[in-house]
Structure formats: structure tokens, C-alpha cells
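Q: I would like the atomic coordinates for the input below:
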Amino acid sequence: MPGMDALLELERLNEGETPTNVTDPAVWAANLLEYRRDHDLDPALDAGVWLAWAKWSLSRLRYRAAYADAQAALELRPGWPPAVELRRRIELCAGTHGLL
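A: So this is what the prediction gives:
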């Protein structure tokens, strides 16, 4: 992942956007997290990656994983509205199925 593309991707993620064209989310997330660390960028930028990962987990009905990922985003950016909203959505979905 070229440098400027990675930085732009991190910024978009932290605006609450989630990409739809990622073929391997695990590799994609690892590359972004590694880029952020290698370039000594603000660790709070990782929140967007965790939020995107939570959305993918939720889309696969992996409620506990989605909740943990949303919580990780909130630990990096307390009170962040996109993460708070997603966590509530996860709680509602999981609560309906008794899975949290």
C-alpha cells in the first residue's frame, strides 16, 4: 500500500467511512496498522481501522468480535459518535439473539 494512499485511507476511516472494495480485510487492516506505527502517526488513527473491522464482523454476524472491535475503537477515541452508534447497533442485534 503506497504511503499517501495509506494515509488517505486512515483519514477516511476516521471520518467514519468504510471501504467496500477490500478483498482481504485482515491483510488490509494489518497493512494500515503497520503503516501508522512505522510512520509514528497518532495511535488514535487506528480507531478507524477497528471500526471498519467491527462493521465487517457485524456483517458476518460475529457479534462478540464486532463488539470487541467497536470497543477498541472507543478506547482510542472515547465517545467517537460512529463507534458509539455501531456499538449500540451491535448490542441491539446481539441482544435480539442473546449473543453478547
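
Q: Which elements pack onto the helix or strand harbouring A66?
A: In the assignment (DSSP states H and E), A66 maps to helix 63-76. Counting contacts by 3 or more C-beta pairs under 8 Å, 6 or more residues apart in numbering; DSSP states H and E, helix 63-76 packs against helix 46-59, helix 81-97. Backbone N, C-alpha and C define where each C-beta goes, glycine included.

Q: what would those look like in CSV with mean neighbour count?
A: Converted to CSV, these look like this (neighbours: other C-beta atoms under 10 Å):
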stretch, mean neighbour count
helix 46-59, 22
helix 81-97, 16
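
Q: Please produce JSON lines containing those, extended by distance to A66.
A: Below are these laid out as JSON lines (distance: least, C-beta to C-beta, whole Å):
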{"stretch": "helix 46-59", "distance to A66": "4"}
{"stretch": "helix 81-97", "distance to A66": "5"}
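
Q: can I get those in TSV with mean pLDDT and distance to L74?
A: TSV is the format used below for those (pLDDT from 0 to 100; distance: least, C-beta to C-beta, whole Å):
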stretch	mean pLDDT	distance to L74
helix 46-59	92	8
helix 81-97	91	5
